[in-house]
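> any chance you can model this:
(4 chains)
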There are 2 protein chains.
Amino acid sequence: MTEVAETKQERIARRQVDKFETRRRELAVATLHTLADLGYARTSLREIAQNSEFSHGVLHYYFADKRDLITQAVRQYEEVCVTRYDDVVANAGTAEELRNGFVDMFFGTLKADAHLHRLWYDLRNQSLFDESFRNDVLDIDGRRQEMIWRVLSRYAELSGTEPATSRAAAYATLDGVFQLALLHQLSEMDEQVVGLAEELARLMDLLLAK
Amino acid sequence: MTEVAETKQERIARRQVDKFETRRRELAVATLHTLADLGYARTSLREIAQNSEFSHGVLHYYFADKRDLITQAVRQYEEVCVTRYDDVVANAGTAEELRNGFVDMFFGTLKADAHLHRLWYDLRNQSLFDESFRNDVLDIDGRRQEMIWRVLSRYAELSGTEPATSRAAAYATLDGVFQLALLHQLSEMDEQVVGLAEELARLMDLLLAK
DNA sequence: AGCGTTCTTTGACAGTCGTCAAGAAATCCT
DNA sequence: AGGATTTCTTGACGACTGTCAAAGAACGCT
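Model (predicted):
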């Protein structure tokens, strides 16, 4: 009986924990939304609460403080952003297919999720000033490196050669292109964005050996 | 006589304007210092004033508002940052000399001026959210592109070939490397920084035709 | 139905923010 | 030397910030 009772309580506890965690994730989504809209510097707890269906006080019921909330939001962001090209890699039969799929996805998300992307760069930059974000940012940046590396190494494989750079350099290169394209995209400099899109394909070839 | 008087007044006016402008530049330096220390999100006018020899009220005597002050600071930052490699380009006699000089300067300023550099990336990112910084940022970014292009096109010339990319792509590539190196530098991941330094030289060759 | 727990709202707190006005201090000019 | 201007300090304002406590609402269980 005690066992049954324990099991019950455990189940209750687990359900409550799950509910707790669910609400945390829900509020973190509102946080991401707010950050993407306003940027880190102008994001306040009351603004976040207004983007949710709750009042501002509830944030301190689910999170220890503002940092805890934003950290959770950042970790949650990562989950969607580090697997973006996996389908393209898995489904491409030829090098050309992979390259075109990658470039399309690259500039597709650039345009569709521009606000989310600027949020990421904002938070990554914040970590240059605030050490408490540093570890999460480094973790996510590492996963992004791996994501890019999966694309490039598979592209090299399909091309019958090997990448000419390290993971870090390949990532830095393509991420630099993405950032410049994002700046131009948000500045409505469409022809510059198109120019970079055309060049990305060639750039990928430059990153291969031979 | 009226002419003489006018000339006098003009001289006075000009001197006052010069003095006015001098003090503006002085306060803008304190602003840059503060931004480099704290980042945009945590930089307040009182903090800026504390980094100068004046009290906070004086900022509104010389600047219309906070935005005016920061804009002036950004414009001033540009003056030092877009000619960094010009000497290296002018003095290099061989391709190898240019490449080594560039890489040394690249990672030299990365370490010596890390706080200034993170400030630039912070403000550039701010412009993704705040349109009022957009034009100044685009202007500076364009000048940085030209700066990198002077290096790369001269390097190609000394190597007897041509760059394989556009200005934009070359800049984006190298700027991406710089940003990643800066993150690693400020995270005290020294071996990763060294790794990128070794790779930068090879990357430059990848950006040349043939 | 009623009790206990969990969840949410409300309102207040101590600070900080950008801005500005009033006056002190310094400087300039004759 | 003394009046006029420029420069700077001080203190205040309303608004906004993160945080927290108290009280109310909703829920689950017996």
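
> please count neighbours and contacts with C-alpha atoms only from this point.
Will do.

> tell me which residues touch A:H117, please.
With contact set as Cα atoms under 8 Å, 6 or more residues apart in numbering or on different chains, A:H117 has these partners: A:A36, A:L110, A:L182.

> how about A:L152: what's its closest non-neighbour residue?
Nearest residue to A:L152 in three dimensions, chain neighbours excluded: A:P163, at 6.8 Å (Cα to Cα, 6 or more residues apart in numbering or on different chains).

> return the distance of the one you found relative to A:D122.
Distance of A:P163 to A:D122, given as Cα to Cα, to the nearest Å: 30 Å.

> cool, A:C81 as well?
15 Å.

> and those two? Which one has more around it.
Between A:C81 and A:D122, counting by other Cα atoms under 10 Å in any protein chain shown, A:D122 is the more crowded of the two (24 against 16).

> distance of that one from B:D122?
The gap separating A:D122 from B:D122 is 7 Å, by Cα to Cα.

> doesn't A:T161 belong to a helix?
No. Applying DSSP: H, G, I helix; E, B strand; the rest coil, one finds A:T161 to be coil, outside a helix.

> neighbours of it, just the number please.
A:T161 has 14 neighbouring residues, counting by other Cα under 10 Å.

> so A:S52 is in contact with A:L27, correct?
Yes. Using Cα atoms under 8 Å, A:S52 makes contact with A:L27 at a distance of 6.7 Å.

> contacting residues around the residue nearest in space to the middle of chain A?
Nearest to the mean C-alpha position of chain A, by Cα atoms, centre = their mean, lies A:C81 at 3.2 Å. Residues near A:C81 by Cα under 8 Å, 6+ apart: A:R144.

> show me what from chain A comes close to DNA strand C.
When proximity is defined as Cα under 7 Å from any atom of the strand, chain A approaches DNA strand C at A:Q16, A:K19, A:F20, A:R23, A:E53, A:F54, A:S55, A:H56, A:G57, A:V58, A:Y61.

> just the buried residues from those, in ChimeraX please.
A single ChimeraX command selects the buried members of those (16 or more other Cα atoms under 10 Å in any protein chain shown):
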select /A:56
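
> in helices, which of the residues of chain A next to DNA strand C appear?
With DSSP state H as the criterion, helices contain A:Q16, A:K19, A:F20, A:R23, A:Y61 from among those.

> in CSV, list these along with pLDDT and distance to B:A41.
Compiled in CSV, those are given as follows (pLDDT from 0 to 100; distance: Cα to Cα, whole Å):
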residue, pLDDT, distance to B:A41
A:Q16, 61, 36
A:K19, 86, 33
A:F20, 90, 31
A:R23, 95, 28
A:Y61, 96, 26
